[in-house]
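Visitor: I would like the atomic coordinates for the input below:
(chains A and B)
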Amino acid sequence: MAGEKKKRLMQGNEACAEGALYAGCRFYAGYPITPSTEVAEVLSARLPTVGGKFIQMEDEIASISATIGGSLAGLKSMTATSGPGFSLKQEGIGFACMAEVPCVIVNVMRGGPSTGYPTGPSQSDVMQAKWGTHGDHPVIAVTPAYVQEIFSETVRAFNLAEKYRTPVMVLYDEIVGHMREAITIPEAGELEVVDRAKPECPPEEYLPYDQRYEIPPLAPFGEGYRFHVTGLNHKDDGFPTNDPGMIEEGNKRLLRKIENNKEDIWCNEDYYLDDAEVLVFSFGSTARSARFAVRKAREKGIKAGLLRALTLWPFPDKALKDAASRARAVIVPEMNLGQIVEEVQRHVAGPAVEGIHRVDGEPITPAQIIEVIERYA
Amino acid sequence: MSAGAATAKKQKISVPFDYSKYLRAGKLPHIWCPGCGHGIVLKSLLRAIDKSGLEKDQICMVSGIGCSSRTPGYVDFNTLHTLHGRAVSYATGVKLAKPELKVIVVTGDGDALAIGGNHFIHTCRRNIDMTILVYSNAIYGMTGGQFSPTTPQGSMSTTSRYGNIEPSFDCCELAKASGASFVARGTAYHTQELERILLRSIQHKGTSVVEIIDSCPVYYGRQNKFKSASQMMEMIEKDGTVSVKQADRLPPEKVEGKLLRGILHEAERPEYCEEYQRLIDKVHGK
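Guide: Residues are numbered from 1 along each chain as shown, chains lettered A, B, ... in the order given. Predicted coordinates:
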């Protein structure tokens, strides 16, 4: 039909790769690991077609390191991994936070701990995404639930990384990573694509961590702005400092640049929230079951609703508090032994908070969620 | 020769090299201890860079963690001080993303060969164009004197109180076996020779590795009963090494137990970024 966009059957991991390319990703460094490997396979074929660079590194640590290097040289950069590889990438993620280097880290979550269940899904890396690297810093993590959304959230992850000069994590699980769904690839220009701010000042005046900016512009290496990057606490000129005031201010600015912009970073789906008395808070593929369960509960006359986080970090506390203020109970289904449920408890006073947890490598079913909804009906 | 020409020649010789062109104003003094050779190596390196004709904007210096890895903070290039062992991996990202940059990695024996050993061998294997300078002083200096992969067997350190029982690595053999297309060794003692080696390594296309034998009088020297920094340099760097040219002329017993200095291996192998560009061209049917 004229004007109708062509739909494509696509796997979640493939959609991630296509979303990255749409966002302008031109550098990928990775290491094979189940269940994320298809992201690398697709990009190894696709990146050269757009003049981009793909490199398979010797391990996960090298992959995040090269990704950061590629970004500092001016290319939008990404790496993808799963479970054990995510653990190994943590030191690099910390470096990217500290040195404020935009990059995207995809973690297709599988069962753990350790080698765990490589071919089964989990949502057990959500706290690691926030606190996995040593030190104190905020992170941004997005949690798509559909193949189409993996595409669009990968684009958004790049936009947030470039805008806020920070690593952004795309967290989805094996289910949606390996699921095939029909998706529509947006036309160029249809989705917003953000490029990092570059300095406009003369090189001799450039300060890569200029305190006058919330997010200082980042010059690419090799374009006349010769500056220093380090993982050490640094001054506004990028050089290490032992000054307590500067150390504290540097650390606080890292926090501030995310905290002050949460409204821009947050993204949620509301489903029957207006009058919801039984609230389900969910994210990722589990939210698909939750959505179905809420619909079924409504059919039974139960005022259930779903708040689905597309931005899991920074945590959507405002939307949660608002929805929970009208609810009797908040149900938190997640494929782990209780991670986000504790975050929900931290922010919600009044309603009962109950988790539904599963770590057997099988998805949480709508029936499991309906059962708990009915108890609070 | 006329008197005028002699004077002119004399004047030319007396002009000192202006290091300030390459040093960042206000970033000195450096953190290196008195007697450390790292500053001497830096001077050889800056003279070599000057002779190479590279512009400062073209150079990206990447380092890991350790005493030598503080070098990028003092020099006026694009500089990246990364994580322990990972310098060559960050450098690989920079180089592949922007092949027109000349990437120089400054690393130490612990940084490159222990925690970064895996990255080191695979970087050499790819033969990606970068110069890796391994400042080898046989000790972890920054953390206070623990044995490293190049600490000789029997040596004392703060973690080998009864003498090191581990065999050491030969950095150059490792680099060569891993595929580096240029491998050399110099010392902080032989400054002019080092400058020539460094210039050649910078000019080389592909992965070039230069092991620079250097001394840590404060941590290695004191624990191993060296009397002074200069005595240490003479014993380890001067008397403990022999140039490849001399070694050819000397009887085997005079060479045995000594490290060879000079260019130890040079080969033409396809360079990674050029191979990748060929791949892109192939994809586009060129």
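
Visitor: Below-threshold pLDDT in the chain: ranges please.
Guide: Reading this off chain A. Residues of chain A meeting the criterion pLDDT under 70: A:1-4.

Visitor: hm, I was asking about chain B
Guide: B:1-14.

Visitor: Residues of it that sit close to chain A?
Guide: Residues of chain B that fall close to chain A, judged by Cβ under 8 Å from any Cβ of the partner chain: B:27, B:56-58, B:60, B:62, B:72-73, B:76-83, B:86, B:89-98, B:100-101, B:118-119, B:122, B:276, B:279-280, B:283-284. Quick note: C-beta positions are derived from backbone N, CA and C, even for glycine.

Visitor: Return the subset of those residues lying in strands.
Guide: For these, the ones inside strands are B:60, B:62, B:78-81, with DSSP state E as the criterion.

Visitor: Which one (most neighbours) among the residues you listed?
Guide: B:V62 (34 neighbours; other Cβ atoms under 10 Å in any protein chain shown).

Visitor: Next up, the contacts around that residue.
Guide: A:69, B:72, B:79-80, B:82, B:87-88, B:90-91, B:94, B:103-106 (Cβ atoms under 8 Å, 6 or more residues apart in numbering or on different chains).

Visitor: For the nearest residue to B:G221 once chain neighbours are set aside, grab the count of nearby residues.
Guide: Closest residue to B:G221 apart from its sequence neighbours, by Cβ to Cβ, 6 or more residues apart in numbering or on different chains: B:M232 at 4.8 Å. If you count neighbours by other Cβ under 10 Å, B:M232 ends up with 22.

Visitor: Moving C-terminal from the strand or helix carrying B:M232, which element do we reach first?
Guide: Here B:M232 is covered by helix B:229-232, with elements defined by DSSP states H and E. Downstream of helix B:229-232, the next assigned helix or strand under DSSP H and E is strand B:241-243.

Visitor: Please compute how far the following helix or strand past that following strand lies from its chain's middle.
Guide: Downstream of strand B:241-243, the next assigned helix or strand under DSSP H and E is helix B:244-249. Relative to its chain's centre, helix B:244-249 lies at 22 Å (Cα atoms, centre = their mean, to the nearest Å).

Visitor: thinking again about what came up before, for the residue nearest to B:G221, what are its contacts?
Guide: Applying Cβ under 8 Å, 6+ apart, the residues near B:M232 are B:35, B:215, B:217, B:220-221, B:226.

Visitor: For the residues you listed, which entry has the maximal number of neighbours?
Guide: Of the contacts of B:M232, with other Cβ under 10 Å as the count, B:S215 tops at 29 neighbours.

Visitor: How about it: what's its closest non-neighbour residue?
Guide: Nearest non-adjacent residue to B:S215 (Cβ to Cβ, 6+ apart): B:M232, at 4.6 Å.

Visitor: That neighbour and chain A, how far apart?
Guide: B:M232 sits 28 Å away from chain A, going by Cβ to the nearest Cβ, to the nearest Å.

Visitor: measure that residue to B:S168 for me?
Guide: Look at B:M232 and B:S168: by Cβ to Cβ, to the nearest Å, they are 17 Å apart.

Visitor: circling back: which one of the contacts of B:V62 sits closest to B:I263?
Guide: B:I104 (17.5 Å; Cβ to Cβ).

Visitor: Closest residue of the stretch 251-377 of chain A to chain B?
Guide: In the stretch 251-377 of chain A, the residue that lies nearest chain B is A:L254 (17.5 Å; Cβ to the nearest Cβ).

Visitor: Now do the same contact list for the nearest residue to that residue once chain neighbours are set aside.
Guide: Leaving aside its sequence neighbours, A:L254 sits nearest to A:H137 (Cβ to Cβ, 6+ apart; 5.1 Å). Contact partners of A:H137, counting by Cβ under 8 Å, 6+ apart, are A:94, A:97-98, A:251, A:254-255.

Visitor: Can I get those in TSV including distance to B:G206, secondary structure and neighbour count?
Guide: Shown next, in TSV, are these (distance: Cβ to Cβ, whole Å; DSSP: H, G, I helix; E, B strand; the rest coil; neighbours: other Cβ atoms under 10 Å in any protein chain shown):
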residue	distance to B:G206	secondary structure	neighbour count
A:G94	32	helix	20
A:C97	34	helix	21
A:M98	32	helix	20
A:N251	41	helix	15
A:L254	39	helix	19
A:L255	44	helix	13
